[in-house]
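Undergrad: Fold the following, please.
(one chain, ligands or ions: 1)
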Amino acid sequence: MKKIAVLTSGGDAPGLNACIRAIVRVAHYHGIEVTGIRRGYKGLIDKEFCPLNPRAVGGIINKGGTILHSSREPRFKDYKYRKLAYENLKSEGIDTLFVLGGNGSFEAANLLAKEFPINVVGVPKTIDNDLYGTDYTIGFDTAVNNAVDAVDKIRDTTMSHERIFVVEVMGRESGFIALDVGIATGADVTLIPEYPFPLHLVIEKLVESRKRGKTFSIIILAEGVASAKELASILEEKVKPYALGGIRYSVLGHIQRGGSPTAFDRIIASQFGAFAVEKFVKGEKNFMVSYEKGEIKTKPITVSFGKIKKPSLDVFELSKKLTI
Ligand code: F6P
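TA: Residues are numbered from 1 along each chain as shown. Reported below is the predicted structural model:
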């Protein structure tokens with residue numbers, strides 16, 4: 001019987017469990033055994049393996065996080081540990097490793113495939129949606145919805161107190177989350193690293209909107225631009241007279257990464273996982289799953305390396321046009 005292994009690596013993302021479930025069940029359909037590896041590459045090195053049968057993945061489709069746990073493992077940069085990882089897989093009769101991860105996790109998988117007779121399959125996940133080579137990564141939709149829920153609440157109190165509120169959202173160096181959250185919450189200003197918006201224009205916009213009679217403002221700030229604390233203190237100096245109830249800020253943080261995945265994330269994660277197994281069964285090797293223009297396809301895993309994926313400039317321009 002053929003045997004594959006699956007691990008989740010890097011920051012967790014809602015929808016990972018749905019993806020693991022799909023991999024296990026579609027593999028079972030094809031008579032393939034699945035071994036789960038706990039704690040990502042750490043568990044691959046330390047041989048934290050566990051059998052995953054179709055029942056073991058029951059009741060998890062609606063759960064956030066990952067039942068396999070995740071980690072960021074620096075030892076994998078060292079050849080000695082990659083060799084150990086390979087030997088662990090080999091001793092279990094496994095020649096294909098499914099990696100549910102982002103950029104760093106795919107690069108690590110690719111190294112393993114270059115150095116040893118191991119096939120790797122990358123399934124894209126990260127709430128940041130910043131992986132090159134795919135329009136979508138598992139977890140993004142839930143993270144955006146989590147942030148939108150939070151900002152809707154912040155809006156109520158901001159409005160009551162006629163304040164200016166800076167909300168910092170995740171995304172590392174990218175602005176996908178911020179841009180979608182900005183549009184969905186009707187933010188006055190959305191700041192993302194890819195398309196800089198000078199500070200004097202932010203100030204101008206806030207002041208102008210006050211002069212036109214607006215009584216409160218929300219700024220969505222991608223963490224890759226600045227910290228909410230920094231921006232709030234600059235605004236405190238420059239626009240305080242225009243903010244009746246003062247200026248406040250909030251860092252949404254890991255709330256964005258948790259909770260039950262949206263229906264979209266459950267479905268796309270199931271499709272990604274199932275598709276990856278089907279392609280493996282057909283003999284495809286060393287590929288990543290990619291979602292492009294509404295279609296799921298495969299690409300060489302190396303496609304995602306060294307390139308920057310940017311949010312659409314049109315969407316950014318729209319976010320500006322929609323606020324007055
Ligand atoms: O990459 C996902 C992400 O949530 C980023 O948006 C954020 O910058 C980072 O991970 C936080 O990492 P950690 O969970 O290690 O604090």
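
Undergrad: Show the contacting residues for residue 10.
TA: Counting by C-beta atoms under 8 Å, 6 or more residues apart in numbering, residue 10 touches 40, 70, 72, 101, 102, 104, 105, 125, 126. For glycine as for every other residue, the C-beta is placed from the backbone atoms N, C-alpha and C.

Undergrad: Need phi/psi at the residue nearest to the third one when sequence neighbours are not counted.
TA: Nearest-residue entry for residue 72: residue 10, 6.0 Å, with adjacent residues in sequence omitted and distances by C-beta to C-beta, 6 or more residues apart in numbering. When read as degrees, to the nearest 10, the backbone of residue 10 gives phi 80, psi -160.

Undergrad: if I look at residue 10, how far off is residue 236?
TA: Distance, residue 10 to residue 236, using C-beta to C-beta, to the nearest Å: 36 Å.

Undergrad: Which parts of this protein are strands?
TA: All strands of the chain, identified by DSSP state E, fall at 3-8, 33-37, 49-52, 96-101, 119-124, 164-169, 189-191, 217-222, 247-251, 287-292, 295-300.

Undergrad: what's the pLDDT at the residue nearest to residue 79 when sequence neighbours are not counted?
TA: Distances taken as C-beta to C-beta, 6+ apart place residue 115 nearest to residue 79, at 7.3 Å, with adjacent residues excluded. Residue 115 carries a pLDDT score of 98 in this model.

Undergrad: tally of neighbours for residue 115?
TA: 12 (other C-beta atoms under 10 Å).

Undergrad: gap between it and residue 67?
TA: For residue 115, the distance to residue 67 - C-beta to C-beta - is 29 Å.

Undergrad: what's near enough to touch the residue in the stretch 151-300 of the chain positioned nearest to the ligand?
TA: When distances are taken as C-beta to the nearest ligand atom, the stretch 151-300 of the chain reaches nearest to the ligand at residue 170, 3.3 Å away. Contacts for residue 170 (C-beta under 8 Å, 6+ apart) come out as 127, 128, 143, 177, 223, 252, 253, 256, 257.

Undergrad: Out of those residues, which are close to the ligand?
TA: Among these, proximity to the ligand is found for 127, 128, 223, 257 (C-beta under 6 Å from any ligand atom).
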